Structures are given as C-alpha cells and as structure tokens.
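J.: Here is the input, now give the coordinates:
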Amino acid sequence: MSYRTVIIFISLSFLISLPAYAASIYEWMDENGVWHITDTPPPKRIKKYNEERYDKDSQEEINRYQLQQETKAAEAIKEADRIAKEGAERQRENRNREADQLEAEARKNIPGSQGMTASQKNMLENAARIRAGEEPIPYTPPNTPP
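T.: Here you go, the predicted structure:
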C-alpha cells in the first residue's frame, strides 16, 4: 500500500469511530445549590427537585425579573444617549478647531497682495461651512518625522 492510502484509511476509520466517543453531559443542581456537570445522569431525587424548583417560580419572582430587565434596558438607553451626546460635542469641538485654524491661515498677510486674495476668501467660506457642519473636516495626516 502507498503512503497516501494508509493515511486515508486511518482518517476514515477515525471518522467512523467518532460517534462511539460521544457522550451525554448532564447538568444538575443538588439540594445545597451546587451545580454538577457530569457524564452520568443525576439521581432521581435531584431531577425531581430541579423540576419542582422550576415549577415553584411565583408571579412575584417573574415580575421582579421583568422589572430588572426593564431597568437594565433603560440604563443601557441612557448610556447610549450619553455617549452619543459626548460624540456630538467632540465633533463640534473638532469642527470649530479646524475652522479656527483655516480662518487663521486665511487671515495671514500675503506679501505683495492688496487685501484678500480669492484663495483666502475661499478658505474663509470653507471654514464657515465646516463650522456649520455643511462640509466634512478635511483629513490631515499626522506629522511623522522622516
């Protein structure tokens, strides 16, 4: 037999025998509240205990659980609103900072020119649009030394 045939035979025999190694896993709680995870079924009295315990959930417990879930959902909404407000505030600050820099650049005197040039006026208009949120903040790559 060739090397390839031996490998295929071993792989197939392994795959065929895999279901024989599969086992059931049981999860149960004893009377002391300790959870057990085993491959053997729980004692009969334990299974009965867990079923009875589940059936004893009162309407009060169900209502308390629903109230907890509603409270968590309300807190999550408040947190999302807070994060959104902070993000909007940061974006407004970034727009204003970028517009201030653009306006400062536009107001620089250009030697030999009389008054504002067309490019300076264009820069001031762009700054106003950035500040109003009508135009995105231009991307400037970070200064990295060569």
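J.: residue boundaries of the strands in this structure?
T.: 26-29, 35-38 (DSSP state E).
J.: so what does the last one touch, helix or strand wise?
T.: I take that to be strand 35-38. strand 26-29 (3 or more CB pairs under 8 Å, 6 or more residues apart in numbering; DSSP states H and E). Heads up, the C-betas are built off the backbone N, CA and C, glycines and all.
J.: in its sheet, what does the strand it packs on sit against?
T.: Strand 26-29 pairs in its sheet with strand 35-38 (antiparallel), by DSSP bridges.
J.: Just send the strands of the chain back as CSV, with mean neighbour count, mean pLDDT and distance to Y65 too.
T.: Below are the strands of the chain laid out as CSV (neighbours: other CB atoms under 10 Å; pLDDT from 0 to 100; distance: least, CB to CB, whole Å):
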stretch, mean neighbour count, mean pLDDT, distance to Y65
strand 26-29, 14, 77, 18
strand 35-38, 10, 82, 20
